[in-house]
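Peer 1: output the structure for:
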Amino acid sequence: MAEIMGVTIKTEKKKKKRRTIVTYVPPKSNTWRAEEYKEMQGEVIK
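Peer 2: Purely as a prediction, here's the structure:
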């Protein structure tokens, strides 16, 4: 299924934090039905 990962990066010089969030939806294949694939996309695209 779709995965969401968040990473927080701290810089040494300016003592700032930056949060980066990425998502991954596997490519469409015969592994999933069309409805399941659309559901995966809907989970991460809001």
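Peer 1: dump the residue contacts of the nearest residue to I9 once chain neighbours are set aside.
Peer 2: With sequence-adjacent residues excluded and distances taken as C-beta to C-beta, 6 or more residues apart in numbering, I9 is closest to R18, at 5.0 Å. C-beta here means a position set from N, CA and C on the backbone, and glycine is covered the same way. Contact analysis of R18 by C-beta atoms under 8 Å, 6 or more residues apart in numbering lists T8, I9, T11.
Peer 1: what residue of this protein is the furthest out?
Peer 2: The outermost residue of the chain, judged against the average C-alpha position, is K13 (28.8 Å), by C-alpha atoms, centre = their mean.
Peer 1: gap between that one and G42?
Peer 2: Distance, K13 to G42, by C-beta to C-beta, to the nearest Å: 40 Å.
Peer 1: again with R18
Peer 2: Distance of R18 to G42, computed by C-beta to C-beta: 27 Å.
Peer 1: before we move on, what about I9?
Peer 2: Counting by C-beta to C-beta, the gap from I9 to G42 is 29 Å.
Peer 1: run through the bridge partners of K10.
Peer 2: When bridges are called by DSSP bridges, K10 pairs up with K17.
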